[in-house]
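**Student:** quick check, what structure comes out for this input:
(one chain, ligands or ions: 1)
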Amino acid sequence: MTILVLNGPNLGRLGKRQPEVYGTTTLADVDERLQALAAQLGVTVELRQTDAEHEMLGWVHAAADAGDPVVLNPGGWTHTSVALRDACAELRAGLVELHVSNVHAREDFRRHSYVTPVATGVIAGLGVEGYELAVRFLASRVGTGA
Ligand SMILES: O=C1C[C@@](O)(C(=O)O)C[C@@H](O)[C@@H]1O
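**Tutor:** Predicted structure coming up:
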């Protein structure tokens, strides 16, 4: 079992991109923190990022087949992608939708998520710390059948 931390478009730009909104921590920094947390919790965590929707869909399909829990920051696809939602609907081992920023305090179009109805829960607005909280949550469910 691997906890997958999947990041969609433009999230490879974290740290440089709109720092007033997303902060100055890079995705590589997030990965470093998550690997330390994984060692502490005794779980395996794998962080990935893609700007290609077909690649993301493939990862979600593979997670569904493997029964792996997923933390997903869908980036802009949150608000546009029925295809990503359909893929996520197959996940059975837990799905945390994650947003670094508080999407509800921004433009109106960010308030709607295609993913939320098929997610276990959502973390938004807690900065990159949200990734650690999401991994802790999914790790706590491992082996509980929840
Ligand atoms: O790319 C992103 C990042 C985001 O998912 C976040 O992490 O806050 C919020 C989305 O609205 C935006 O398109």
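
**Student:** which residues are in contact with E46?
**Tutor:** T2, I3, L4, V5 (CB atoms under 8 Å, 6 or more residues apart in numbering). (Each C-beta comes from the backbone N, C-alpha and C, glycine too.)

**Student:** the most centrally placed residue in the chain and E20: what is the separation?
**Tutor:** Central residue of the chain (CA atoms, centre = their mean): L72, 2.0 Å from the mean position. Using CB to CB, to the nearest Å, L72 is found at 24 Å from E20.

**Student:** do the same with L41
**Tutor:** Shown here: L41 relative to E20, a distance of 32 Å by CB to CB.

**Student:** more neighbours: which of the two?
**Tutor:** L41 (16 against 6; other CB atoms under 10 Å).

**Student:** burial of T120, as a residue count?
**Tutor:** Residues lying near T120 (other CB under 10 Å) number 17.

**Student:** tell me the confidence at it?
**Tutor:** pLDDT, T120: 97.

**Student:** going forward, count from 441.
**Tutor:** All right, first residue 441 from here; so that's T560.

**Student:** for it, what are its contacts?
**Tutor:** The contact partners of T560, by CB under 8 Å, 6+ apart, come to G534, L535, V536.

**Student:** could you rerun that using 6 Å?
**Tutor:** Shown in contact with T560 (CB atoms under 6 Å, 6 or more residues apart in numbering): G534, L535.

**Student:** just the one 4 residues further on next, same as before
**Tutor:** Under the criterion of CB under 6 Å, 6+ apart, the neighbours of A564 are H539, N542, V543.
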